[in-house]
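Q: Quick one: sequence plus predicted model below, questions after.
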Amino acid sequence: MQINSARVRHYFDKVSTSLMGPYMMDGFGFPESAGKYRLKKEQQIADALTSSLKSYDLALDLGSGVGYWSQWLAQRFRRVESVEASQSLYLQLTQRCQPHLNIHTYYGDAINHQPGKAVNMAFLGGLLMYLGDDDCLTLLNRLHKNLSPEGVVLCRESTVRHQTQQKQGEYPVIYRTIGHYEELFARAGFEISQIQLNTAYELMQIGCETIKYWKSCTSPKRQMLPLIGGLVYWGLRLSSGWLPGMIRKSQRDFPVLQNHFFLLRLKPTARIRP
């Protein structure tokens, strides 16, 4: 199962460089605040998952997009190395992170990035879904070699429930099951410390898939996306305390896509190094 990395890079060179673009939330009529809401909630989840870190010397942000997560890391780590392969996203990354003297940006492939010292935390914010299995293992094996004994890898990846799906064409991506990711992580010498459902993604994905259905059965002249998107977004915000949980209890495969945070640590035997 492989992906053409040149096609992925070409796709992201064309996406909007706003927060909504890399989050795949453009074209649904959502207000800009939808992206900010999702980012804030996701970073709260990440804060909780990584609260027990013992060292905050070096963090990697691999596939860093326009740099919002690099800014989050910069508040906690002495040095952040941010790597982005899309030229248009990299230009936004450098501009956004310029005020942060502890963020160092690199234009290139995350698989080939070599940090100068042991890494305390590597953040992969939706990177593995654009890599084939072999490239995932190459990247994870490299991180395994460069991670400090008590360091962690935090992945945030879109998932499916039952069977891994690969999309070809203009938007090449692999939506893996949790079990598929567990297998890849284990093969690279990692154990999953925690798995956390990304409830912010789930809420917004309910909206995205609802609006996709609306667009499929409504003529373009009558879609009124700015109005419908705003109504759907604020309706989701008002029902966020109960609607996603009710849908989960119904055991429906909706939304089709989920997203999970995976907190990885070296397997105990891998922490003993010569």
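A: Right, received. Where do you want to start?
Q: Could you give the average pLDDT over stretch 141-148?
A: Stretch 141-148 carries an average pLDDT of 95.
Q: Show me what counts as buried in stretch 69-80.
A: By 16 or more other CB atoms under 10 Å, the buried positions in stretch 69-80 come out as 69, 70, 71, 72, 73, 74, 77, 79, 80. To be clear about C-beta, it is placed using only N, CA and C from the backbone, and glycine gets the same treatment.
Q: The fifth one against residue 61, yeah?
A: Yes: under the criterion of CB atoms under 8 Å, residue 73 makes contact with residue 61 at 5.8 Å.
Q: shared neighbours of the two, which are they?
A: Each of 80, 123 lies in contact with both residue 73 and residue 61 under the rule CB atoms under 8 Å, 6 or more residues apart in numbering.
Q: Let's have the buried residues of stretch 69-80 in JSON lines, adding secondary structure, distance to residue 26 and pLDDT.
A: Conversion of these to JSON lines gives the following (DSSP: H, G, I helix; E, B strand; the rest coil; distance: CB to CB, whole Å; pLDDT from 0 to 100):
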{"residue": "69", "secondary structure": "helix", "distance to residue 26": "19", "pLDDT": "96"}
{"residue": "70", "secondary structure": "helix", "distance to residue 26": "21", "pLDDT": "97"}
{"residue": "71", "secondary structure": "helix", "distance to residue 26": "21", "pLDDT": "97"}
{"residue": "72", "secondary structure": "helix", "distance to residue 26": "22", "pLDDT": "97"}
{"residue": "73", "secondary structure": "helix", "distance to residue 26": "25", "pLDDT": "97"}
{"residue": "74", "secondary structure": "helix", "distance to residue 26": "26", "pLDDT": "97"}
{"residue": "77", "secondary structure": "coil", "distance to residue 26": "30", "pLDDT": "97"}
{"residue": "79", "secondary structure": "strand", "distance to residue 26": "32", "pLDDT": "97"}
{"residue": "80", "secondary structure": "strand", "distance to residue 26": "27", "pLDDT": "98"}
